[in-house]
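Q: one predicted model, sequence on top.
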Amino acid sequence: MKIEEIITKQKLAFQDGVTRSFEARKSNLEKLRALVSENEDALCNAMNRDFGRPLFESYVTDINTVLQEIDFHLKNLQDWMEPEPVATPMISFPSKSVMYKQPFGAVLVISAWNYPVYLSFMPLIGAISAGNTVVLKPSEMVPETSGLMNVLVQKYFDDEVLCVVEGGVDETTELLHQLFDKIFFTGSTRVGKIVMKAAAEQLIPVLLELGGKSPAIVHHDADIDVSAKRIWWGKTINAGQTCVAPDFVAVHESVHDEFIEKSRKILAEFYRDDYKPGENYAKILNESHFERLQGLLDQSEILFGGITRKENLFIEPTIIKANWDDEIMKEEIFGPLLPVLTYSGSDSLIEMLRNKPSPLALYLFTKDPEFEERIIHEVPFGGGCVNETIQHLGNLNLPFGGVGNSGMGAYHGRHSFDAFSRNQAVMKKAFWPDPEFRYPPYDEKVKTWFKRIFS
Ligand code: NAD
């Protein structure tokens, strides 16, 4: 079916209320749950064929998370859908004011390649839970997974409710010319700008989940062993090809050597059976990403690591000695290279961080509550953790999203429902009372007592 026909069909279905009722939303969430749970092995195997990610890692990041999110929506949806009463000012007495949670209509979800099931289905859950129809455009970089999601969606859903459109730039460009009611995009900042420009042409609201350089900060009072372990855990998942991976580490100069030494030991422990790309460690997506990372390595001072094998797209977790203005500090790395910089004073660190585009995540390792407060309030970032990496995404009560260059809007849990609903504001009155003084012609007496009562 042509893209235009799909959208016309979905818009008609939305107008007919096919996705609106609580029962319809619940049934769609249950269908998605069945799709994922009945095909979890096939989905993990597809991701493994696409970029060699270990099966267990895919289960944890892309299957379990999606199932948890669906269950959270199923449990809370009825409450979230309830119209929300709000107070009414005296000037409108007597009346009631209510916000109705309305779906946008036909929405478009465009996703990135690196967590292909998670990044497609997490926004989808919010969209169907809020009562929308959805066109999902997964990434062409992971054809096995995108193809399988397409087949499965056709098996479990009517295309008037949910439809997958596979393809790359051409197909996405065509989709961006359609009159959707909302666009949810996950991907790079560069493409995020293209999406937002296209959406602006038709005044379509957008939610952008983008990338950036997420810092980890290791303060002099941190437990260096635990900090290094948690930073490397966050950096080695998916071989660093994670939007919220620690991109670089700023280490207090007094603990720099200890951090490097602990890192060496921890990686030797994590991968004591050696790196087996595709089994215990993900491959780099493709040759062009491999060459980009190799290029960064070639111009860097390697403190340890640095082994690469193009034939099986392997890049070893590597620590690089870096300065704030080095090439590797300019763009998101999106791979297992970890530049380490040092700082001495908190003021200079905060200034350096503020001079960079606002990141999607920030990870702070410290026991000092004052330093913690300063970083939280003085450095803008989308979300993050103190003494941990990445796990803030696992708390469905927390919104997940970026700021500035790392995106706009947020989702997960209730925030996903809200992201795909709009508050329709309604004030309700009876026909009586209907005092004449509120209508023209106005006179000075009315003005005097109006000011007395309402000003
Ligand atoms: P990408 O921006 O290259 O592609 C994302 C999507 O946009 C894909 O579906 C692709 O087909 C489409 N696309 C690519 N070029 C386009 C164009 N010129 N016009 C229209 N559509 C186009 O991103 P990617 O390589 O798939 O993913 C990596 C990036 O995504 C990283 O920057 C990463 O940080 C970011 N990311 C962000 C999150 C988040 O939740 N914030 C999650 C994962 C990845």
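A: Here it is on my side, so go on.

Q: contacts, neighbours, all on C-alpha from now
A: Will do.

Q: can you map out the strands along the stretch 351-455 of the chain?
A: Using DSSP state E, counting those that start in this stretch, the strands of the stretch 351-455 of the chain run over residues 361-365, 383-386, 407-408, 421-429.

Q: pick the most buried one from the ones you listed.
A: Neighbour counts (mean count of other C-alpha atoms under 10 Å) averaged over each of the strands of the stretch 351-455 of the chain peak at strand 361-365, with a mean of 27.

Q: show me what that strand pairs with in its sheet, parallel or antiparallel.
A: When sheet partners are counted by DSSP bridges, strand 361-365 sits next to strand 215-218 (parallel), strand 383-386 (parallel).

Q: how about those strands, which one is nearest Glu201?
A: Nearest to Glu201 among the strands paired with strand 361-365 is strand 383-386 (30.2 Å), distances taken as C-alpha to C-alpha.

Q: ok, that closest one near the ligand or not?
A: No - Strand 383-386 does not reach the ligand (C-alpha under 6 Å from any ligand atom); its nearest approach is 10.7 Å.

Q: give me the contact list for that strand.
A: For strand 383-386, contacts defined as C-alpha atoms under 8 Å, 6 or more residues apart in numbering pick out 360-366, 372, 390-392, 400-402.

Q: I'd like those residues as TSV, with pLDDT appended.
A: As requested, these are arranged in TSV below (pLDDT from 0 to 100):
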residue	pLDDT
Leu360	98
Ala361	98
Leu362	98
Tyr363	98
Leu364	98
Phe365	98
Thr366	98
Glu372	98
Ile390	98
Gln391	97
His392	98
Phe400	98
Gly401	98
Gly402	98
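
Q: could I get the residues you listed in CSV, plus columns for distance to the ligand?
A: Formatted as CSV, the contacts of strand 383-386 follow (distance: C-alpha to the nearest ligand atom, whole Å):
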residue, distance to the ligand
Leu360, 7
Ala361, 9
Leu362, 13
Tyr363, 16
Leu364, 19
Phe365, 22
Thr366, 25
Glu372, 24
Ile390, 11
Gln391, 13
His392, 12
Phe400, 8
Gly401, 6
Gly402, 7
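
Q: still on that earlier bit, can you check which of the strands paired with strand 361-365 gets nearest to Leu176?
A: Nearest to Leu176 among those is strand 383-386; the distance by C-alpha to C-alpha comes to 28.5 Å.

Q: near the ligand, which residues of the stretch 101-250 of the chain?
A: Within reach of the ligand by C-alpha under 6 Å from any ligand atom, the stretch 101-250 of the chain has these residues: 110-114, 138-140, 168-169, 172-173, 186-188, 191, 209-212, 243.

Q: output the strands of the stretch 351-455 of the chain as a markdown table; include the columns distance to Ala42.
A: Formatted as a markdown table, these follow (distance: least, C-alpha to C-alpha, whole Å):
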| stretch | distance to Ala42 |
| --- | --- |
| strand 361-365 | 31 |
| strand 383-386 | 32 |
| strand 407-408 | 32 |
| strand 421-429 | 32 |
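
Q: nearest to Phe72, of the strands paired with strand 361-365?
A: Nearest of the strands paired with strand 361-365 (C-alpha to C-alpha): strand 383-386, 20.8 Å.

Q: buried subset of the residues of the stretch 101-250 of the chain next to the ligand?
A: 110-114, 138-140, 172, 186-188, 209-212, 243 (16 or more other C-alpha atoms under 10 Å).
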